[in-house]
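J.: I would like the atomic coordinates for the input below:
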Amino acid sequence: MNSRFVLISGCSGGGKSTLLAELRARGYPVVEEPGRRIITDEIAAGGSALPWADAAAFLRRAIDVALKDMAKAGTHSGWVFFDRGLVDAASALEAFTGEPLLRAVCSAHRYHRRVFMTPPCPEIYVTDSERRHGFEAATAEYRRLMETLPVLGYDVIVLPKSSPSARADFVLATLGAAPQT
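T.: Numbering: from 1, shown residues only. Predicted coordinates:
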């Protein structure tokens, strides 16, 4: 387990990226969500590894990107915050294809034992060119992760529905780091 790598996951549209922008503004390294980077690259290249075109290829690529992200993040000292990551992609691929790879892949590459989850938040949920799935699919994804993470040995902490600043303070306090001002 890499106790410095903190996974922020949860419901799509729940405020993960906004929280991570707040943590970045406070000087912490943040690793962007693999899925959005892949979608941007695939659209630019005219590729098909997209969740709405070839979900299995997209998820396999997300696993590869997440593993590379973890390797690169090792150069940072202190906390490194991940916007989604390996568990999200491996869990989705296993659910989609039935391939039993979740435990093997995720046990060899671990995040901090505490994983922070953004709960479903219909009042802020929006779709965009990269997030085409509806709120029902987003909440199903959230439920799957809430079941999967404890099975993998993670302590799941649901983030309060509060401002990005208050959420960042909560994350840092939970990790035992004094909030930066």
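
J.: next helix or strand past the longest helix seen in the chain?
T.: Identified as the longest helix of the chain according to DSSP state H is helix 55-73. Per DSSP states H and E, helix 55-73 leads on to strand 80-83 as the next helix or strand towards the C-terminus.

J.: Could you give the separation of the next helix or strand after that following strand from the chain centroid?
T.: Next in sequence after strand 80-83, counting helices and strands by DSSP H and E, comes helix 86-97. Relative to the chain's own centre, helix 86-97 is displaced by 12 Å; criterion: Cα atoms, centre = their mean, to the nearest Å.

J.: and the angle for the least confident helix or strand in the chain by mean pLDDT with helix 86-97?
T.: Least confident helix or strand of the chain, by mean pLDDT, DSSP states H and E, is helix 135-151 with a mean of 84. Angle of helix 135-151 versus helix 86-97, following axes from the mean of the first three to the mean of the last three Cα atoms, to 10 degrees, is 110 degrees.

J.: Rounded mean pLDDT for the longest helix of the chain, please.
T.: Averaged over helix 55-73, pLDDT sits at 93.

J.: what does that helix rub up against?
T.: 2, 5, 29, 31, 34-35, 37-39, 42, 48-51, 80, 82, 84-86, 88-90, 92-93, 96-97, 105, 109 (Cβ atoms under 8 Å, 6 or more residues apart in numbering). Bear in mind the C-beta positions are built from the backbone N, C-alpha and C, glycine included.
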